[in-house]
Each structure stands twice: as C-alpha cells, then as structure tokens.
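Q: predicted coordinates and the sequence they were generated for:
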There are 2 protein chains.
Amino acid sequence: MKGCETANSPDRGRTVISRALAILGTFTTDRPQLTLAQICRQTGLRHATAHRIVGELAAWGALERKPGGAYVVGLRLWELGALNPRALPLRVLAMPVMEDLHAATRQHVQLAVLQGTDALVVERISTAHAVPIVSQVGGRVPLHASAVGKILLAHGDETLLDTIVGKRLSRFTPATITDPGELRVTLAECRRTGVAIVREEMSRGTYSVATRITDSKDRVVAALSVIGADPATQRLIPAVVVAGRSISRDLRSAR
Amino acid sequence: MKGCETANSPDRGRTVISRALAILGTFTTDRPQLTLAQICRQTGLRHATAHRIVGELAAWGALERKPGGAYVVGLRLWELGALNPRALPLRVLAMPVMEDLHAATRQHVQLAVLQGTDALVVERISTAHAVPIVSQVGGRVPLHASAVGKILLAHGDETLLDTIVGKRLSRFTPATITDPGELRVTLAECRRTGVAIVREEMSRGTYSVATRITDSKDRVVAALSVIGADPATQRLIPAVVVAGRSISRDLRSAR
DNA sequence: GCGCCATGTCCGGTGAATGGACATCCGGTG
DNA sequence: CACCGGATGTCCATTCACCGGACATGGCGC
C-alpha cells in the first residue's frame, strides 16, 4: 500500500461511485426522505448528474420514489443490510435472551455494536411505561456517555479512544464525563469488571448498566444494556451479565 | 476493441454504478460473504475493475473486509436500510402488537411486505417449541404459497399477478396452488374477507392465516400472519385480524 | 397571463474508468 | 525445494461513459 490515504477528504468525490455513495449518505434518521433538489443541495452535485445517478439507484431498488416525488432508501438496501453479521444475524441470536432479560427486569434492553466513532443500536426492547429514552433502533449513541458505548470503547482500538478524546467529549448532562483522564480510568474499570455503569451521563433520570458480548475468539463484538429510571438499576448487573454471557455462548456455538 | 464480449455476458451494464450495484447484488442470504474472485466470477467483471470498485465500497462502509479476506455487506448499509419506512419504522410500530399476538397464540408470528415478486419477511417472532419453518427475517417467501404472500398479491397490482402467473406457479407440496384460475379465486376470497388461509401449501405440517395491514390511505402495505402446526390454526383468525387492525390503526395515527 | 422552482432530457468535450499486463503472496504438490 | 495455480494488488495508455451547460416541461402562487 502506497501513501495514498489522501483519497477522500480534500474535496468532494470525483469518482462516480463516490458521488452515488454521497447521495446515499445524505439520508439520515433526521432526513429519511429527500427530494432531488435537496439531494443536489446536500451533495453539491449538478441536478443533471444527481438525476441520472438517483435514477439508476432507484431502478435497482437502492432508492424508492414516493408518490410526492421524494426519495427514500429502498427496501432492497434493507434486505442487503440484513446480511451483515453484526446486525440481523447477531440480533436473531440475541433476541430470545433479550426477551428474557426484559421479562426479568421490565426495563429497556438494548443491543449495540461499534460503528465508526459511535455505538449503533441494533436492537431494543422497550416498555411503554418505562423511562422515555432518546435512542432508537438504527440510531447512534455516543461512545463516552452511554453504557453500551463505554463497553465498546473500552475494548476497542487504542486509536479509537484517541479519536474520541481528540474531538472533545461533548457534554449532555452535568454528570457526563468530559475529562479524558477520568474516561480512561472508567474504561479501565470496564475492562476489569466487564461491566459499564452510567448514571445520568447521557440524560437526566436514566441509569444504565452494560456488559460485553464476545465471539468465538473472545473479541468483543457487541454490548448489551439495561436502562432504568433510578440508581437502583445497578442491582440488575448480575442479570445483564448472565444474559451477555448467554448470548456470547450462543454466538460461540453458532459459528 | 469491441470484439471482447467473449463468452458469458451479452450486454451487461456498462455504467459504473450498475457494476457497483451488480457487485452488491451478488450478496444473498445463501452467499452472505464472498471473496474478490467470487465476485468477479459472479459479475463477470475484470478483477482489476472489481478490485477498485470493491475498494471504494469498502472504504465508504458499504462492504466490510473480514480477516480472512472475504467481503461481507457493511454495517453502514444496514444503517441505511433501517431508514426504509416499510422496514424498521413499520417494525417498531408492529412489534408490540406482534408480541401480544405471539403471547396469545404461542405460535410463530410474521410480518412481511411486498418486494418485487416475493414477500419479504421484515419481522418474525418464533418459539423454540413451535413448528420449524423455513422463512427467516430478511428472507423471501413466494407470493402464491404463503399466507402473507397471498394477502400482498391479492391487493397488489394486476400486472404483478400476471407476472407471477406468467412464470409458472412453482409447487412445494401436493397442496400448493399451481392453477392460475384457482389462484385468482383464492385471491378474490382474500380481498373479500381480508384474510388468507394456507394449509400445507408451502411445506407439510404448517398451516397459517394472514391479514392485511393498511396505511392512512387504506393501501395495503404489509401482511401479518400466524403459523401453526395443525388445521386448527384457523381458529386464530380473529386474533390475527384484531392484531392487524391494531397495527393499521397505529400506522394511521403515526403518520 | 407571468415568474419561480423542481424535475426531466439532450449532446459535445473530456477526464475518469477500463482491462491487459505485471507483481506479489499463499497453499498445495511432486 | 522448486513449481504451479489461484487470489489479490498495482500500473498505465486508450477510450468511452460521464459531466454539465443548455433547453424543455410541469406545477404552483401571484
């Protein structure tokens, strides 16, 4: 490999594929549907170009056109995404255990994996009467302020931690850890105990505990958490750990 | 110059995007991971071309490289696919009701939407002790031999039915409907009653009933089914209908 | 009517994509 | 160990698909 890491950042992509991917990248949870004009503005592409690319993507099923004329991500992409081993296959294994954990605790149960510099929520079981929480399936939560995030960060690459710290630890509540040193101590604790505890660090009135999920080679591939409304949520640590190890075991025997 | 069409591909897509999509399209539930060489064989692309495109897709996160060298669909695509309104958002609304239906019946519960000429299973709740079934989340089931499929087909475009009938109705069991006329009668019945009943038409020993899920404009957007092990599964029709209407109502108020 | 904006279509110049050739790395085999 | 077949990775001159300015269409409000 040559020193060719200057590929993407300087300007917007020159290759057709990068443009197509840029178009796909404009779709987010906040903006799940876009018109052609919006896509043009977002990507900076000429409308003729965007029109052609979007047309091709839509013809294949990567995008779909709604009656109004707006585009949404196509079902075909969902189908494709379902093949990712850390998403749906993991979920299929984890779901029964998550149900058990939910039944035993009556609290939100979350499953997340590492995606870039965030934790991606792959599955969640909620109760209508439990604490309202912001996260959603398919959404992201910060690594330094969530229980699942801390687990993933603690077992992640050293450079990942540097990246996270490097772009400053954003504050959500007074309890959010924003000091790099303090974060490192906390993460070391996570590695030692295998458990992460978060007390109102992401939003007031929510407490959560998380544990790791490992694959057959003992690599941490996901994190499992329970989210409650009071500090006593800590008492659920044993339940979470049991569930986490159960999923890890299923994962081991499955592959 | 042009004399290089060689053997396999008469006139494959010549645009870059179509090639990239062709590469993505080679990933299926049967072949969730592929090496570069396999991708080349599948798509008929030169390895230099595939190498470059795959590299670009992987850099963006549409594909991921496993330790062994094989590629899998990237988590970023799952994240994108989660934005499709007929996939995850629908699922979020349907899930609580599906749980209820599952609790009340102790049978498999399935949610499917129309994708091309198949029914795509978007969500499923299973029990370890229930009938083993072939379908899986992210997988497809035939429109003419499954309960969810019949519902979707009955309310689909007229041309869709022509297409399905046109490429012959494949037989899975002696009970599978393979006669176009008989199928049309069955579908008319589905439209009239709002319920589809399937008795061992897809696999022996499985019986299922399905109902439709409609959006705020009364368009059928999905189908909900319960799958049991004996003909008495029909007694669950009222439960399925109630659940289906409940989801439809939630769908109406949500958007 | 008229302007405004979004979408859709066309065509000539040109630079990104192609694919043949070469290089490297690995596991199997005589 | 030398050899081989197959897979991955890299390079570069040729050329053809892509780009984007320009024009056409269609809806909406004034």
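A: Sure, I can see it.
Q: can you list the buried residues in stretch A:90-103?
A: A:90-98, A:101-102 (16 or more other Cβ atoms under 10 Å in any protein chain shown). The way it works is simple: take the backbone N, C-alpha and C, and place the C-beta from them, glycine included.
Q: out of these, list just those in helices.
A: Using DSSP state H, the subset of the buried residues of stretch A:90-103 located in helices is A:90-98, A:101-102.
Q: these: which ones sit near DNA strand C?
A: Near DNA strand C, taking Cβ under 7 Å from any atom of the strand as the test, no member of these is found.
Q: let me have those residues in a markdown table, adding pLDDT and distance to residue B:168 as columns.
A: Converted to a markdown table, those look like this (pLDDT from 0 to 100; distance: Cβ to Cβ, whole Å):
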| residue | pLDDT | distance to residue B:168 |
| --- | --- | --- |
| A:90 | 96 | 38 |
| A:91 | 95 | 35 |
| A:92 | 92 | 32 |
| A:93 | 93 | 37 |
| A:94 | 96 | 40 |
| A:95 | 94 | 37 |
| A:96 | 93 | 39 |
| A:97 | 96 | 43 |
| A:98 | 97 | 42 |
| A:101 | 97 | 47 |
| A:102 | 95 | 45 |
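Q: residues in contact with stretch A:227-235?
A: A:105, A:107-110, A:130-131, A:133, A:147, A:197, A:199, A:205-209, A:226, A:236 (Cβ atoms under 8 Å, 6 or more residues apart in numbering or on different chains).
Q: from those, list the ones also adjacent to DNA strand D.
A: Applying Cβ under 7 Å from any atom of the strand to the contacts of stretch A:227-235, none is adjacent to DNA strand D.
Q: Produce a PyMOL select command limited to the buried residues of those.
A: Entered in PyMOL, the line below selects the buried ones among those, by 16+ other Cβ under 10 Å:
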select buried, chain A and resi 105+107+108+109+110+130+131+133+147+197+199+206+207+208+209+226+236
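Q: next one: stretch A:145-163 to chain centre, how far?
A: Distance, stretch centre to chain centre, for stretch A:145-163: 12 Å (Cα atoms, centre = their mean, to the nearest Å).
Q: which parts of the stretch 1-150 of chain A are strands?
A: Counting by DSSP state E, counting those that start in this stretch, one finds strands in the stretch 1-150 of chain A at the ranges A:33-34, A:63-65, A:71-73, A:108-115, A:118-125, A:140-142.
Q: packed most tightly, which of the ones you listed would that be?
A: strand A:108-115 (a mean of 25; mean count of other Cβ atoms under 10 Å in any protein chain shown).
Q: and that one, which strands flank it?
A: strand A:118-125 (antiparallel), strand A:220-228 (antiparallel) (DSSP bridges).
Q: of those, which is nearest residue B:185?
A: Closest approach to residue B:185 among these is made by strand A:118-125 (41.2 Å; Cβ to Cβ).
Q: which outside residues touch the closest one?
A: With Cβ under 8 Å, 6+ apart as the criterion, strand A:118-125 contacts A:86-87, A:90-91, A:94-95, A:98-99, A:102, A:108-114, A:135-143, A:146, A:148-149, A:152, A:222-223, B:75, B:79.
Q: give me every residue that touches residue A:77.
A: A:24, A:61-62, B:77, B:80-81, B:84.
Q: can you list the domains in chain A?
A: A:16-80, A:88-254 (automatic domain parsing).
Q: between the strands paired with strand A:108-115, which gets nearest to residue B:52?
A: strand A:118-125 (27.8 Å).
Q: pLDDT score for the residue in the stretch 151-255 of chain A that chain B sits nearest to?
A: Proximity of the stretch 151-255 of chain A to chain B (Cβ to the nearest Cβ) peaks at residue A:217, 9.3 Å away. Residue-level confidence at residue A:217 comes out at 87, pLDDT.
Q: from DNA strand C, how far off is it?
A: 17 Å (Cβ to the nearest atom of the strand, to the nearest Å).
Q: what's near enough to touch the residue of the stretch 101-250 of chain A found nearest chain B?
A: The nearest approach of the stretch 101-250 of chain A to chain B comes at residue A:138, 3.2 Å away (Cβ to the nearest Cβ). Residue A:138 makes contact with A:29, A:120-121, B:79, B:82-83, B:88 under the criterion Cβ under 8 Å, 6+ apart.
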